[in-house]
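Trainee: Give the three-dimensional model of this entry:
(one chain, ligands or ions: 1)
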Amino acid sequence: MSVLCGKDILRTDTLSDEELGLILATATRFEEVLRNGGRLTNMEGQILATLFFEPSTRTRLSFEAAMLRLGGKVITVADPKTSSAAKGESLSDSVRTVEGYADVIVIRHPQKGSAQEAADAVSVPVINAGDGAGHHPTQALLDVYTIQKEKGCLEGLTMTLAGDLKNGRTVHSLAYLLIRFGIRLFFVAPPSLEMPAEITEDLRRQGANIRESSDLAAALRESDVVYVTRIQQARFADPAEYERLKGSYVVDMGMVRQAKPGLTILHPLPRVDEIAPEVDAYEGAAYFRQVANGVPVRMALLALVTGRE
Ligand code: NCD
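Mentor: Model (predicted):
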């Protein structure tokens, strides 16, 4: 049984190197089986509950597809407005209820720290699918898996994280994984949306090589990979502030042509207008390949935390 059996997946900075290696290797193995048309039955007889209190397309559907690909079954709350949360039920009471129905729980909730709170309330494994502006570990894992596939290896790369680094939970989780491979980082954000200082300081304490800038074109001249994110509209108290900042940077073909040759472009999606549609035809535009990698990575996570890899 693996080191991850029975564990929660709540953030990336608490994963050991061994656990990280195991997740990536298991995902690679599952992807190979799927590519060869094989069928897996690891999760037969198991039930996954997906509880999404915030919008989602990719994360929920890829978790559900992952469970089905492993021969398991899925139950879900179709719309939180129709669940007992709308009657004022606490999060811990909701998950304690769901624990009676399912073997593993995937949760997305607008409150930072909510996944930890859910995990503390139950004994089945809980996987954080995004806790407000906090963390999104499974996205970061599929991002690292994607970089490895696109670039061959992670060591020695220079990478730009661009966009709403303050409110974007994917970049918080991702930065902690990237620094383990010695990846040099540019943080490029519009003023007021910079990476939270406590995260940057924490990363630097761990030896990270980070440069902060607001000049995306200049950063891309030195970068092997750019990870573009959208401005997180739901996290703005003032709609006028969102209107002022949205569209403050756009990756288009003009910028790609000025960038380091071979630039790989990632985005957790959904995009709004930060990558021009013309870029989709560029061979380094990897964001839809990145989406597909969500399935084997989430298969690996489901199987590992339930001891069925
Ligand atoms: C991200 C999220 O929900 O944080 N989306 C995703 O899971 N693929 C990024 C975003 O919504 O901007």
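Trainee: need the next SSE after the lowest-mean-pLDDT helix or strand in the chain, C-terminal direction.
Mentor: Taking mean pLDDT, DSSP states H and E as the measure, the chain has helix 239-245 as its least confident helix or strand, at a mean of 90. Using DSSP states H and E, the helix or strand that directly follows helix 239-245 along the chain is helix 253-258.
Trainee: Name the residues of that following helix that are buried.
Mentor: Neighbour counts over helix 253-258 (16 or more other C-beta atoms under 10 Å) mark 255, 256 as buried. Placement of C-beta: from N, CA and C, glycine included.
Trainee: Extract the CA atoms of it and return them as CSV.
Mentor: Extracted in CSV, the C-alpha atoms of helix 253-258 (Å, rounded to 0.1, in the frame of the first residue of the first chain):
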residue,chain,number,x,y,z
MET,A,253,1.1,36.1,-31.7
GLY,A,254,3.0,39.4,-31.7
MET,A,255,4.2,38.6,-28.2
VAL,A,256,4.9,35.0,-29.0
ARG,A,257,7.1,35.9,-31.9
GLN,A,258,9.2,38.2,-29.6
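Trainee: What is the distance between that helix and the centre of its chain?
Mentor: 26 Å (C-alpha atoms, centre = their mean, to the nearest Å).
Trainee: Report all helices and strands that that helix contacts.
Mentor: Using 3 or more C-beta pairs under 8 Å, 6 or more residues apart in numbering; DSSP states H and E, the elements in contact with helix 253-258 are helix 216-220.
Trainee: other SSEs contacting the helix it packs on?
Mentor: Applying 3+ C-beta pairs under 8 Å, 6+ apart, one finds that helix 216-220 makes contact with strand 158-162, strand 184-188, helix 253-258.
Trainee: So residue 128 belongs to a helix, correct?
Mentor: No. Read with DSSP: H, G, I helix; E, B strand; the rest coil, residue 128 is strand and lies in no helix.
Trainee: Next, count neighbours for it.
Mentor: Neighbours of residue 128 under the rule other C-beta atoms under 10 Å: 27.
Trainee: tell me which residues form a beta bridge with it?
Mentor: Counting by DSSP bridges, residue 128 is bridged to residue 107.
Trainee: what about residue 12, which SS state?
Mentor: Secondary structure, three-state DSSP: residue 12 is coil.
Trainee: which residues sit in contact with it?
Mentor: 135, 137, 140, 141, 173, 174, 176, 177 (C-beta atoms under 8 Å, 6 or more residues apart in numbering).
Trainee: Could you dump these into JSON lines and include distance to the ligand?
Mentor: JSON lines is the format used below for these (distance: C-beta to the nearest ligand atom, whole Å):
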{"residue": "135", "distance to the ligand": "10"}
{"residue": "137", "distance to the ligand": "11"}
{"residue": "140", "distance to the ligand": "10"}
{"residue": "141", "distance to the ligand": "12"}
{"residue": "173", "distance to the ligand": "9"}
{"residue": "174", "distance to the ligand": "11"}
{"residue": "176", "distance to the ligand": "15"}
{"residue": "177", "distance to the ligand": "15"}
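Trainee: If you rank those residues by neighbours, which is first?
Mentor: Among those, the one with the most neighbours (other C-beta under 10 Å) is residue 137, at 31 neighbours.
Trainee: which residue packs closest to the closest residue to the ligand within the stretch 201-309 of the chain, ignoring adjacent ones?
Mentor: Closest approach between the stretch 201-309 of the chain and the ligand, counting by C-beta to the nearest ligand atom: residue 268, at 4.0 Å. Nearest non-adjacent residue to residue 268, counting by C-beta to C-beta, 6 or more residues apart in numbering: residue 170, 4.5 Å away.
Trainee: still on that earlier bit, relative to residue 47, which of the helices and strands packed on helix 216-220 is closest?
Mentor: Closest approach to residue 47 among the helices and strands packed on helix 216-220 (C-beta to C-beta): strand 158-162, 36.1 Å.
Trainee: Which of the contacts of residue 12 sits closest to residue 37?
Mentor: Nearest to residue 37, judged by C-beta to C-beta, of the contacts of residue 12 is residue 141 at 25.0 Å.
Trainee: any idea which element the nearest residue to that closest one once chain neighbours are set aside lies in?
Mentor: Spatially, and ignoring its direct neighbours in sequence, residue 141 is nearest to residue 297 (5.3 Å; C-beta to C-beta, 6+ apart). Counting by DSSP H and E, the element that carries residue 297 is helix 287-305.
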